[in-house]
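S.K.: this is a predicted model, with the sequence first.
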Amino acid sequence: MNADFNRNEDHMKLLLSHLSEKIEKIKAGGGKKNADRQRELGKLLARERIAELIDPGSRFFEFGTLAADGMYEEYGGCPAAGVITGIGYVSGRQCVIVANDATVKAGAWFPMAGKKNLRAQEISIENRLPIIYLVDSAGVFLPMQDEIFPDKEHFGRIFRNNAIMSSMGIIQVAAIMGSCVAGGAYLPVMSDEAMIVDKTGSIFLAGSYLVKAAIGENIDNETLGGATTQSEISGVTDNKFKDDKAAIEHIRNIFSMLGAKEEAGFDRAKPKEPKLSLEEILGLIPSDPSKQYDMHEVIHRLTDGSAFDEYKDGYGQSIVCGYGRIEGWAVGIVANQRKVVKTKKGEMQFGGVIYSDSADKATRFIMNCNQRRVPLVFLQDVTGFMVGSRAEHGGIIKDGAKMVNAVANSVVPKFTVIIGNSYGAGNYAMCGKAYDPRIIVAWPTAQIAVMGGAQAANTLLQIQVSSLKAKGKTITAEEENNLLKKITDRYTSQLSPHYAAARMWVDEIINPLDTRKIISMGIEAANHSPITKPFNVGVIQT
């Protein structure tokens with residue numbers, strides 16, 4: 001391997017090391033003191049509950065680990081948004097798992113906690129996956145109630161989803177392992193089965209203090225809504241259990257008896273490892289996001305046997321399209337080409353830019369994948385669509401709109417991996433978060449924004465300088481440089497995949513070596529949901 005490869009590999013490993021350190025800190029939740037308090041009450045911690053629930057040695061894809069990272073600092077932070085979500089296997093059945101972390105503000109719901117729970121339900125709904133709720137929450141975080149309570153995508157949407165999911169036949173099982181208060185009490189009771197742990201679990205619309213304030217009644221929480229009350233008097237919960245482990249074992253038993261449902265029927269052959277080393281991916285992605293590399297080299301390290309049946313390889317070369325398999329699953333791959341290529345017409349196409357012919361090719365390929373019922377995998381490293389008079393006269397907006405239309409109307413499941421740049425309308429055309437990928441992940445080298453940092457910073461600088469001059473203020477060269485640095489630093493921080501993951505624009509930042517596993521788990525999940533909607537792109541300008 002050459003010096004560039006080694007430099008790239010060192011850079012990627014450094015980014016992965018920083019990511020690992022951050023995740024370890026996040027997984028500590030609310031800290032040792034709060035964890036010890038939970039254990040004193042006889043409770044397992046949230047991640048311990050999940051470890052007890054999932055099948056030993058099975059895969060678990062945690063998503064939203066970095067949700068709320070760097071946010072809510074005025075309240076002491078909210079690691080992982082105070083809730084753990086993931087896709088795992090329980091008694092051999094793939095499912096979504098949601099577990100409140102009571103070490104973080106007693107499991108209270110911050111705005112990002114609501115967004116994260118809704119994303120978990122969305123994954124369950126799209127893929128018809130059973131969902132398990134391990135409930136231990138003090139309810140809405142009152143200082144931010146206006147940002148979590150009343151709007152369409154706020155807290156109440158969770159219970160609306162409970163009802164919709166039930167009507168769809170999606171299995172929902174809830175275990176109340178700690179507090180379950182106020183509106184949050186509806187979540188387990190709207191599930192198919194609600195169980196409660198004795199002495200630690202409680203469920204009520206209003207706790208003892210609020211009851212005293214509202215109607216003057218003196219009562220303790222256990223008598224008001226503890227396990228015995230809700231299982232033997234009110235009938236709100238179906239069963240009570242002596243501890244967390246007993247409740248979890250009951251969930252495992254439920255899942256061991258689930259009947260099979262109709263599948264989508266996506267094609268799967270016997271999985272094969274890539275012929276080319278998967279580990280070499282770490283050295284292929286340049287440490288400088290402006291540098292070139294050949295996307296084919298990445299694809300051949302992701303596909304089974306490194307096989308890739310390319311579509312229209314000599315046309316529209318700034319996008320690579322073709323068929324392959326990932327852990328046996330047939331996939332259609334749409335990837336941005338990062339190296340400069342020369343067309344048969346003698347023209348140069350620059351890496352990461354979408355041209356009219358590339359958009360045209362990708363549109364046709366996406367339509368073919370829908371016709372053949374082949375899931376789509378998008379590998380993003382895109383700086384946007386081509387600009388300038390030649391591109392405009394050639395109809396770039398029209399061709400880009402065709403591609404966006406095809407992506408938006410696709411009925412096959414879509415999976416997006418942001419490898420490098422993800423800028424502007426290129427993010428949309430390559431199935432960004434707004435276009436409903438079943439799973440969207442980023443590598444540590446990803447950058448997500450409306451445009452690149454240098455262009456954006458200079459544009460913002462021009463706007464601010466013009467505004468100051470319009471007010472009659474003069475600005476020196478030194479002041480202008482300082483302003484540019486301030487703008488650049490702020491914008492650069494927003495380009496980071498960590499910034500995106502904190503706001504759940506992506507589900508997770510992953511090690512590139514886990515890409516095959518996550519796509520495979522995603523297609524397996526999608527296979528639980530038969531395609532019933534016909535593919536129709538509507539009106540397209542030709």
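M.R.: Structure's in. What do you need? Residues are numbered from 1 along each chain as shown.
S.K.: every contact and neighbour count from this point should use C-alpha atoms.
M.R.: Will do.
S.K.: what's around the spatially closest residue to Ser356 that is not a sequence neighbour, how many residues?
M.R.: Closest residue to Ser356 apart from its sequence neighbours, by CA to CA, 6 or more residues apart in numbering: Ile396 at 5.1 Å. When neighbours are defined as other CA atoms under 10 Å, Ile396 has 23 of them.
S.K.: kindly report the same for Ile419.
M.R.: Ile419 has 24 nearby residues by other CA under 10 Å.
S.K.: so it, which of the three states?
M.R.: strand (DSSP: H, G, I helix; E, B strand; the rest coil).
S.K.: dump the residue contacts of it.
M.R.: Taking CA atoms under 8 Å, 6 or more residues apart in numbering, we find Ile419 in contact with 379-381, 442-446.
S.K.: dump those into CSV; add neighbour count, distance to Asp4 and secondary structure as well.
M.R.: As requested, these are exported to CSV (neighbours: other CA atoms under 10 Å; distance: CA to CA, whole Å; DSSP: H, G, I helix; E, B strand; the rest coil):
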residue, neighbour count, distance to Asp4, secondary structure
Leu379, 25, 22, strand
Gln380, 29, 22, strand
Asp381, 29, 19, strand
Ala442, 28, 22, strand
Trp443, 22, 19, coil
Pro444, 25, 18, coil
Thr445, 23, 16, coil
Ala446, 22, 19, coil
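S.K.: just to revisit the earlier point, the residue nearest to Ser356: what's it in contact with?
M.R.: Contacts of Ile396 by CA under 8 Å, 6+ apart are 355-356, 385-386.
S.K.: just give me the closest of these to Phe110.
M.R.: Phe385 (37.2 Å; CA to CA).
S.K.: hang on, the earlier thing: and the contacts of Ile419, which is closest to Gly169?
M.R.: Taking the contacts of Ile419 together and measuring to Gly169 by CA to CA, the closest member is Ala442, at 32.0 Å.
S.K.: please look at that closest one and Glu508 and confirm they touch.
M.R.: Yes - judged on CA atoms under 8 Å, Ala442 makes contact with Glu508 at a distance of 6.4 Å.
S.K.: mutual contacts of those two, please.
M.R.: Joint contacts of Ala442 and Glu508 (CA under 8 Å, 6+ apart) do not exist.
S.K.: now the contacts of Ile419 as TSV including pLDDT and distance to Gly235?
M.R.: Below are the contacts of Ile419 laid out as TSV (pLDDT from 0 to 100; distance: CA to CA, whole Å):
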residue	pLDDT	distance to Gly235
Leu379	98	51
Gln380	98	51
Asp381	97	54
Ala442	98	45
Trp443	98	48
Pro444	98	49
Thr445	97	52
Ala446	96	50
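S.K.: tell me which two of those residues sit farthest apart.
M.R.: It's Leu379 and Pro444 that sit farthest apart of the contacts of Ile419, by CA to CA, at 13.9 Å.
S.K.: how many other residues sit next to Gly92?
M.R.: Gly92 is flanked by 13 other residues according to other CA under 10 Å.
S.K.: quick one, grab the pLDDT at it.
M.R.: Gly92 carries a pLDDT value of 97.
S.K.: check the one 5 residues further on too.
M.R.: You'll see Ile97 listed with a pLDDT of 98.
S.K.: that one in helix, strand or coil?
M.R.: strand.
S.K.: any idea of the mean pLDDT in the longest helix seen in the chain?
M.R.: Longest helix in the chain, counting residues (DSSP state H): helix 3-27. The pLDDT scores in helix 3-27 average 96.
S.K.: which parts of that helix are buried?
M.R.: Residues of helix 3-27 classed as buried: 5, 7-9, 11-13, 15-16, 19, 23, 26-27 (neighbour count, 16 or more other CA atoms under 10 Å).
S.K.: I'd like to know which helix or strand in the chain has the lowest mean pLDDT.
M.R.: helix 453-470 (a mean of 69; mean pLDDT, DSSP states H and E).
S.K.: which is the succeeding secondary structure element to that helix?
M.R.: helix 477-495 (DSSP states H and E).
S.K.: for that following helix, list the C-alpha coordinates in CSV.
M.R.: C-alpha atoms of helix 477-495 as CSV (Å, rounded to 0.1, in the frame of the first residue of the first chain):
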residue,chain,number,x,y,z
ALA,A,477,-9.0,43.6,6.6
GLU,A,478,-8.1,42.2,10.0
GLU,A,479,-11.7,42.4,11.2
GLU,A,480,-12.9,40.7,8.0
ASN,A,481,-10.4,37.9,8.6
ASN,A,482,-11.5,37.5,12.2
LEU,A,483,-15.2,37.4,11.1
LEU,A,484,-14.4,34.8,8.4
LYS,A,485,-12.6,32.6,11.0
LYS,A,486,-15.6,32.8,13.4
ILE,A,487,-18.0,32.0,10.6
THR,A,488,-15.8,29.1,9.3
ASP,A,489,-15.4,27.6,12.8
ARG,A,490,-19.1,27.6,13.5
TYR,A,491,-20.0,26.2,10.0
THR,A,492,-17.3,23.6,10.2
SER,A,493,-18.6,22.3,13.5
GLN,A,494,-22.1,21.9,11.9
LEU,A,495,-20.6,19.8,9.0
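S.K.: so, low pLDDT: which residues of the stretch 101-250 of the chain?
M.R.: Residue ranges of the stretch 101-250 of the chain with pLDDT under 70: none are present.
S.K.: just the strands in it please.
M.R.: Per DSSP state E, counting those that start in this stretch, the stretch 101-250 of the chain carries strands over the ranges 131-137, 172-181, 193-197, 202-204, 239-241.
S.K.: would you say Gln94 is within a helix?
M.R.: No - looking at Gln94 with three-state DSSP, it is strand, so not inside a helix.
S.K.: give me the element the closest residue in space to it that isn't next to it in sequence is part of.
M.R.: Excluding the flanking residues, the one nearest Gln94 by CA to CA, 6+ apart is Gly88, at 5.6 Å. Using DSSP H and E, the secondary-structure element containing Gly88 is strand 83-90.
S.K.: give the contact list for Leu66.
M.R.: Contacts of Leu66 (CA under 8 Å, 6+ apart): 23, 26, 79-80, 498, 501-502, 508.
S.K.: nearest to Gly305, of these?
M.R.: For these, the nearest to Gly305 is Glu508 (26.7 Å; CA to CA).
S.K.: please work out how many residues are found near the closest one.
M.R.: The tally of other residues near Glu508 (other CA under 10 Å) stands at 25.
S.K.: need the contact list for it.
M.R.: 62-66, 440-442, 501.
S.K.: in whatever helix or strand Glu62 lives in, which residues are buried?
M.R.: Glu62 belongs to strand 61-63 when assigned by DSSP H and E. Buried residues in strand 61-63, defined by neighbour count with 16+ other CA under 10 Å: 61, 63.
S.K.: quick revisit: which pair in the contacts of Leu66 spans the largest distance?
M.R.: Spatial extent of the contacts of Leu66 (CA to CA) is set by the pair Pro79 and Glu508 at 14.3 Å.
S.K.: my read: Gly31 touches Thr103, true?
M.R.: Yes - using CA under 8 Å, Gly31 makes contact with Thr103 at a distance of 7.1 Å.
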